[in-house]
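Colleague: for reference, the sequence and a predicted model appear below.
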Amino acid sequence: MGKFQSSKVFDGFSTVFRQWKATDTHCRFVHGYGISFKVYFEGELDHRNWVWDFGGMKRAKTKIDGKSPKEWMDYMFDHTVLVAEDDPHLVELKMLNHNPRYEKSQQDKGILQLRIVPATGAEKFAEFIFHKLNKFVKEETGGRVKVGQVEFMEHNKNSAIYTE
């Protein structure tokens, strides 16, 4: 018996990050890419004969960190700076952050939109997205569908894949 898969590409994001542990390469510096990621869905077909509704992110009732899936993706990856939670310069980077709660105050330099993630790099971003979306998809479909893998791409030339 076969299984069904479908996939969707999410793109149009401009994201900056650095890999502070890459001390012997230029990747230790803050740099950015146009990023995208391809999500592979797998599971049983629904009443429409679909694994996943390609417009399902727009119509979803389930939230990711309190946001709709599209809002979450934009919040995380659209004109943002992703920094590892263990980056030794996290304090300095936080001082540059735009924080809407402190608009027009000294605590808001308004220079960047900082997003703190467990780790940086294409492989770790693929893993991060996988776990966020897999939890969402399972909940949204009542366990009928799961994320099979996520491929994270930097400027459509480099990619990393995470699967379980």
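Modeller: Good, I have the coordinates. Numbers count the residues shown, from 1 in each chain.

Colleague: what's the residue nearest in space to the middle of the chain in contact with, if anything?
Modeller: Nearest to the mean C-alpha position of the chain, by C-alpha atoms, centre = their mean, lies residue 129 at 4.5 Å. By C-beta atoms under 8 Å, 6 or more residues apart in numbering, the contact set of residue 129 is 37, 39, 150, 152, 162. Every residue, glycine included, has its C-beta placed from N, CA and C.

Colleague: which residues in this structure form helices?
Modeller: For the chain, helices defined by DSSP state H occupy the ranges 56-59, 69-77, 90-95, 122-140.

Colleague: show me what the shortest one is packed against.
Modeller: On a contact count with 3 or more C-beta pairs under 8 Å, 6 or more residues apart in numbering; DSSP states H and E, helix 56-59 meets helix 69-77.

Colleague: buried residues, the helix it packs on. List them.
Modeller: 69, 72-73, 76-77 (16 or more other C-beta atoms under 10 Å).

Colleague: quick one: which of these is nearest residue 83?
Modeller: residue 76 (12.2 Å; C-beta to C-beta).

Colleague: now do the closest one against residue 18, distance only.
Modeller: 16 Å (C-beta to C-beta, to the nearest Å).

Colleague: repeat that for residue 2.
Modeller: For residue 2, the distance to residue 18 - C-beta to C-beta - is 43 Å.

Colleague: equivalent analysis for residue 74, please.
Modeller: Taking C-beta to C-beta, one finds residue 74 at 21 Å from residue 18.

Colleague: equivalent analysis for residue 148, please.
Modeller: Residue 148 is 30 Å from residue 18, by C-beta to C-beta.

Colleague: please apply the same query to residue 56.
Modeller: As judged by C-beta to C-beta, residue 56 and residue 18 stand 34 Å apart.

Colleague: do residue 45 as well
Modeller: For residue 45, the distance to residue 18 - C-beta to C-beta - is 43 Å.

Colleague: okay, the two: which has more neighbours?
Modeller: residue 18 (22 against 12; other C-beta atoms under 10 Å).

Colleague: look up phi and psi at the more buried one.
Modeller: For residue 18, the backbone dihedrals are phi -140, psi 150 (criterion: degrees, to the nearest 10).

Colleague: surely it touches residue 88?
Modeller: No - between residue 18 and residue 88 there is no contact under C-beta atoms under 8 Å: 11.0 Å.

Colleague: first-to-last residue distance for stretch 78-93?
Modeller: With C-alpha to C-alpha, to the nearest Å as the measure, the ends of stretch 78-93 fall 18 Å from one another.
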